[in-house]
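>>> this one's structure only:
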């Protein structure tokens with residue numbers, strides 16, 4: 001015979017037991033079936049996972065014949081620092097960065113650096129100067145020595161156009 005004073009405790013124990021059994025059953029049902037242990041290929045184990053595909057914004061078109069150039073200084077110029085660099089643009093318009101317009105962009109001056117990737121925004125650092133207010137000149141200070149300069153037009157997102165609108169590389173010599 002069951003002592004009724006202990007029936008409440010027995011009921012709790014049965015509830016707890018039922019909950020534990022249900023949890024164990026759920027865990028065992030969700031486990032994957034054992035599979036054969038395969039020895040991983042050493043090359044596959046050390047190879048990095050492929051990078052996920054990232055959708056890049058489409059490059060904006062530039063019209064045929066669009067060009068950018070240095071008004072000054074000229075290629076091979078000997079200069080003292082600081083000096084003025086003037087930009088020329090033909091076949092496109094200038095707009096500040098972030099403003100959208102057909103066949104427009106803003107200047108970027110590359111100093112002592114190769115062209116960046118054409119499908120990404122041009123980075124901002126000492127070698128990649130942005131003129132996001134649609135400026136057409138700059139007072140540039142460089143250390144004495146030989147330096148290369150190149151202009152590259154970027155769209156509202158700082159991405160070069162397709163085809164890119166860029167100047168020839170010029171070399172300047174900064175003297176004391």
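Noted; the coordinates are in hand. Quantities reported herein were computed from a predicted structural model and do not represent experimental measurements.
>>> And the closest residue to residue 116 other than its chain neighbours, how close does it get to residue 83?
In this structure, residue 116 finds its nearest non-sequential neighbour in residue 122, 5.4 Å apart by C-beta to C-beta, 6 or more residues apart in numbering. (Glycine included, C-beta is placed from N, CA and C.) Distance, residue 122 to residue 83, using C-beta to C-beta, to the nearest Å: 23 Å.
>>> Between those two, tell me which one has more neighbours.
residue 122 (22 against 16; other C-beta atoms under 10 Å).
>>> Going by secondary structure, that one is in what exactly?
Counting by DSSP states H and E, there is no helix or strand that carries residue 122.
>>> I'd assumed residue 109 was in contact with it.
No: between residue 122 and residue 109 there is no contact under C-beta atoms under 8 Å: 10.3 Å.
>>> Between these two, which contacts overlap?
Here residue 122 and residue 109 share the contacting residues residue 128, scored by C-beta atoms under 8 Å, 6 or more residues apart in numbering.
>>> What are the boundaries of the helices in the protein?
In the chain, the helices defined using DSSP state H lie at 7-30, 42-46.
>>> measure residue 91 to residue 172 for me?
26 Å.
>>> quick one, which of those two is more surrounded?
residue 172 (23 against 13).
>>> who's in contact with the more buried one?
73, 75, 76, 77, 78, 79, 83, 142, 146, 147, 149.
>>> tell me the pLDDT at the first one?
Spelled out, that is residue 73. Residue 73 is assigned a pLDDT of 99 by the prediction.
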